[in-house]
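S.K.: I would like the atomic coordinates for the input below:
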Amino acid sequence: MVEKIDQFKEELQSNGLRITSSRLAVFSILTHAKKDFLTPDEIYDAIKESNLKTCNRASVYRVLKSLEKIGLIKVSHFQGEASKYQIHLHNHDCNHCENEHQHYFKCIKCRAIEPIGNCLFDGQIKELNKKGFVSLSHHFEVSGFCPECSS
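M.R.: Numbering: from 1, shown residues only. Next up, the predicted model:
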């Protein structure tokens, strides 16, 4: 964990952001979360319940926006739900993940979220790019019942 916090602080500083108690609190909640993805309200509630009572709800949203802008967190949008966030510290292989995205399975009963492997649309996106289409994006979500909820 010490290694992650040090990397987080380095990333903040290298992107011209100060190391603040609000940023550290959001980071701490996201790295210790039992779920992979948290909404801003879940992050705020966890901060309030912890001994990290260092920021208000508006600060959580500002921190999330600034961390998303520099790529230290990933935001995912799931149909009918608030945006969800997870920490994404860069490693030496990711090239700052400029084009990386993920698709997900979401259980409609317990709301568990599971990443799905490779993108099914990369080939089609490349073909559209060749034809002159630009700034392409997509979102793909499969929903159903996870193994635990289906039994």
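
S.K.: From now on I want contacts and neighbour counts done on CA atoms only, so please keep to that.
M.R.: Will do.

S.K.: which residues touch the residue of the chain most remote from its centre?
M.R.: Residue farthest from the centre of the chain, counting by Cα atoms, centre = their mean, is residue 131 at 31.3 Å. The neighbourhood of residue 131, defined by Cα atoms under 8 Å, 6 or more residues apart in numbering, contains no residues.

S.K.: Outline the domain layout of this structure.
M.R.: Domain assignment of the chain by automatic domain parsing yields the ranges 1-94, 101-151.

S.K.: tell me the pLDDT at the residue farthest from the centre of the chain?
M.R.: The per-residue pLDDT reported for residue 131 equals 93.

S.K.: any idea how far residue 139 is from it?
M.R.: Residue 131 is 21 Å from residue 139, where distance means Cα to Cα, to the nearest Å.

S.K.: ditto for residue 37
M.R.: Remark: distance between residue 37 and residue 139 (Cα to Cα) = 16 Å.

S.K.: what about these two, which has more around it?
M.R.: Shown here are residue 37 and residue 139; by other Cα atoms under 10 Å, residue 37 has more neighbours (20 against 13).
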